[in-house]
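pasting the sequence and the predicted coordinates here, then a few questions.
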Amino acid sequence: MKRTIIKIDEDKCDGCGSCVSSCHEGALQVIDEKARLISDLFCDGLGACIGECPVDAITLEEREAEPYNEAKVMERMIEKGEKTILAHLRHLKGHNENALFMEGVDYLKQKNIKVNISSIMEPIQAGQHSHQGGGCPGSREMQFNKTTAPAGASISEQPSELTQWPIQLHLLNPHAGYLSGADLLLAADCTAFALGSFHGKLLKGKVLAIACPKLDSNQQSYLDKLVTMINESKINMLTVAIMEVPCCGGLLQLAKKALVLAGRKIPIKLIVVGIRGEIVNEEWV
């Protein structure tokens, strides 16, 4: 299967081992003075090791890899003791990978291993998490609830309906927990600027991915991610929002192609936004 997994640049790697200690899943070892990924099964693709590398030798890539196996990881965690188990579970919780988190907890229960997870079960605030997906703080995966207006916002301001980060399709992890069973809005970059009611009319109740079908590079990666979201994250429906200009139609074609390749049928709604800021067309395709 194709999924997000780490890539090590051996020319940059100096074998310091900082990444090894930060990888609680045990996917990394220093061999012949270079950090090595010893098994795809143990790499969750969330990038905890990236921020610990002092020479920027680790990145994330989309490639064919064995599926991540939480049960196999927990087997290794048990050998390392309670602190390591808790660090691993906190890592999953901090990335909102709730399904994997519960899988790990259930494994401990099945093996009758007593670990105090009460502190982890408390909600983790976005600012408390230190892992930086992709090596950049701006691409760190977060999920949040929009219940109140942000501090400093006026009463008349339109509240944001954004519930996750990142939003650029190149940065999105197609296996992110917040995508599971979600309604996905795939929006051309310009739509949010053209449509004043973008949040209320288009984004409310949906997970967001933005892309530009004309200017963005490596659209094969976009296609692969959409297929994964449909087949593996099992998104519920896909809304494609584009501008009325001809070049924007490529985003709809990308979505249609992903649906064909995925083989799993979900409804697609098309919303076309005019350059003067009105919705000029809305239909199921």
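Thanks, I have the structure now. Residues are numbered from 1 along each chain as shown.

now do residue 278, the pLDDT please.
Residue 278 carries a pLDDT value of 95.

please name the nearest non-neighbouring residue to it.
Excluding the flanking residues, the one nearest residue 278 by C-beta to C-beta, 6 or more residues apart in numbering is residue 195, at 7.8 Å. For every residue, glycine as well, the C-beta is placed using N, CA and C.

show me what counts as buried in the helix or strand where residue 73 lies.
Using DSSP states H and E, residue 73 maps to helix 70-80. Judged by neighbour count (16 or more other C-beta atoms under 10 Å), helix 70-80 contains these buried residues: 70, 72, 73, 74, 76, 77, 78.

so which residues of the protein form strands?
Using DSSP state E, the strands found in the chain span residues 2-8, 28-31, 34-37, 58-64, 142-143, 164-165, 183-188, 207-211, 237-243, 268-273, 279-284.

could you check the angle strand 268-273 makes with the last one?
Angle of strand 279-284 versus strand 268-273, following axes from the mean of the first three to the mean of the last three C-alpha atoms, to 10 degrees, is 180 degrees.

each with direction, which strands does strand 279-284 pair with?
Within its sheet, strand 279-284 is paired with strand 268-273 (antiparallel), according to DSSP bridges.

need the residues that contact the strand it pairs with.
Contacts with strand 268-273, where a contact means C-beta atoms under 8 Å, 6 or more residues apart in numbering, come from 190-191, 194-195, 202, 237-244, 252, 255-256, 259, 279-285.

and the closest residue to residue 172 other than its chain neighbours, how many neighbours?
Distances taken as C-beta to C-beta, 6+ apart put residue 209 closest to residue 172, at 5.6 Å, once the chain neighbours are dropped. The local packing of residue 209 (other C-beta atoms under 10 Å) involves 24 other residues.

what about residue 102, neighbour count?
Using other C-beta under 10 Å, residue 102 is surrounded by 14 other residues.

what sits against it?
Contacts of residue 102 by C-beta under 8 Å, 6+ apart: none found.

at 10 Å instead, please
70, 89, 92, 93 (C-beta atoms under 10 Å, 6 or more residues apart in numbering).

so the second one touches residue 117, yeah?
Yes: with contacts counted by C-beta atoms under 10 Å, residue 89 reaches residue 117, the gap being 6.2 Å.

what's the closest non-adjacent residue to the most centrally placed residue in the chain?
Most central in the chain under C-alpha atoms, centre = their mean is residue 173, positioned 2.8 Å from the mean C-alpha point. Nearest non-adjacent residue to residue 173, counting by C-beta to C-beta, 6+ apart: residue 4, 5.5 Å away.
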